[in-house]
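> got a sequence here, can you model it:
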Amino acid sequence: MEANLGKILLAEDDKIMRSMLLDSLEHMGHTVHDAENGEIAWELWQKESYDLLITDINMPKLNGIDLLKKIRTKSTLFPVIVITGVYLESAENQALESGASALLYKPFKMKDLYEAINRFAVL
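Numbering: from 1, shown residues only. The predicted structure is shown next:
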């Protein structure tokens, strides 16, 4: 049985990837709000209550690492899954040092994303 976290905030600047993730997450039964950049995601995160953030690293206006750092100033326990298409040890270190709960490299299998999401579910 797949867990349902409730409300997920998705920050991804690539329109096709964002649409695919949105459809997949909604198919899993989640309510998903999406943002095309970190600045919009930060505004949404401050206004709404979310159970999880999935964010890309490379985005305009406010990148995923800076978004994560801002969130960590408000909540150290809020689960954040960072996704990136760039495999760099520095990006991985930066994400984990900034408090990422999990890190996935594009292209990833949806099964891997589902498993990461389910790790944070309260059953």
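> what ranges do the strands span in the chain?
7-11, 31-35, 52-56, 80-84, 102-105 (DSSP state E).
> residues contacting the first one, please?
Under the criterion CB atoms under 8 Å, 6 or more residues apart in numbering, residues 18, 21-22, 25, 30-35, 37-38, 40-41, 44-45, 48-56, 59, 64, 67, 117 lie in contact with strand 7-11. Glycine gets a C-beta too; all of them are placed from N, C-alpha and C.
> before we move on, the earlier item: to Asn93, which of the strands of the chain lies closest?
Nearest to Asn93, of all those, is strand 102-105, at 10.0 Å by CB to CB.
> in that closest one, what's buried?
102-104 (16 or more other CB atoms under 10 Å).
> ok, now stretch 59-79?
59, 62-68, 70-71, 78-79.
> turn these into JSON lines, including distance to Glu97 and pLDDT.
JSON lines is the format used below for the buried residues of stretch 59-79 (distance: CB to CB, whole Å; pLDDT from 0 to 100):
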{"residue": "Met59", "distance to Glu97": "19", "pLDDT": "93"}
{"residue": "Leu62", "distance to Glu97": "18", "pLDDT": "95"}
{"residue": "Asn63", "distance to Glu97": "15", "pLDDT": "94"}
{"residue": "Gly64", "distance to Glu97": "13", "pLDDT": "94"}
{"residue": "Ile65", "distance to Glu97": "9", "pLDDT": "94"}
{"residue": "Asp66", "distance to Glu97": "13", "pLDDT": "95"}
{"residue": "Leu67", "distance to Glu97": "15", "pLDDT": "97"}
{"residue": "Leu68", "distance to Glu97": "10", "pLDDT": "96"}
{"residue": "Lys70", "distance to Glu97": "15", "pLDDT": "96"}
{"residue": "Ile71", "distance to Glu97": "14", "pLDDT": "96"}
{"residue": "Phe78", "distance to Glu97": "16", "pLDDT": "94"}
{"residue": "Pro79", "distance to Glu97": "17", "pLDDT": "95"}
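> many thanks, I have nothing further to ask.
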